[in-house]
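**Student:** Pasting the sequence and the predicted coordinates here, then a few questions.
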Amino acid sequence: MTKADIVADIAAKAGITKKAAQDSLEALLDIVTGELKKGESVTLTGFGTFKVSLRAARVGVNPRNPSEKIKIPALKLPTFKAGIVLKKAVR
């Protein structure tokens, strides 16, 4: 399913125009992205939680030269944990 498919489904189910549905979806994505950038989590009850996870720095191996070690820096990653309602629906 693509973003366009989601917009079309939102428009049909909510009885609104595709433009309004797209604006709503864009607003939701902007809010979630903004909160994650600030390090906050976003919880949609029953659906799940978006949050930022920290991956520690580590030493890796250069795939082109396996004897060479490289430093992989620490970084932040967005993660999603599914809520109980979503888990039950998928099962």
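**Tutor:** Sure, I can see it. Residues are numbered from 1 along each chain as shown.
**Student:** What residues sit buried inside the longest helix along the chain?
**Tutor:** Across the chain, the longest stretch assigned as helix under DSSP state H is helix 18-37. Neighbour counts over helix 18-37 (16 or more other Cβ atoms under 10 Å) mark A21, Q22, V32, L36 as buried. From N, CA and C alone the C-beta is placed, and that goes for glycine too.
**Student:** what pairs with the helix or strand following that helix, and is each one parallel or antiparallel?
**Tutor:** Later in the chain than helix 18-37, the nearest helix or strand by DSSP states H and E is strand 42-44. If you go by DSSP bridges, strand 42-44 pairs up with strand 48-55 (antiparallel).
**Student:** ok, and what's touching the strand it pairs with?
**Tutor:** Here strand 48-55 makes contact (Cβ atoms under 8 Å, 6 or more residues apart in numbering) with 32, 35-36, 39, 41-43, 74-83, 86.
**Student:** try it again with 10 Å
**Tutor:** With contacts defined as Cβ atoms under 10 Å, 6 or more residues apart in numbering, strand 48-55 is touched by 32-33, 35-44, 72-87.
**Student:** Got a ChimeraX select line for the buried ones in these?
**Tutor:** Burial among the contacts of strand 48-55 is assessed by 16+ other Cβ under 10 Å; the matching ChimeraX selection reads:
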select :32,36,42,83
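**Student:** Tell me the residue in this protein that is farthest from the middle.
**Tutor:** S67 (35.5 Å; Cα atoms, centre = their mean).
**Student:** That concludes my questions; thank you for your assistance.
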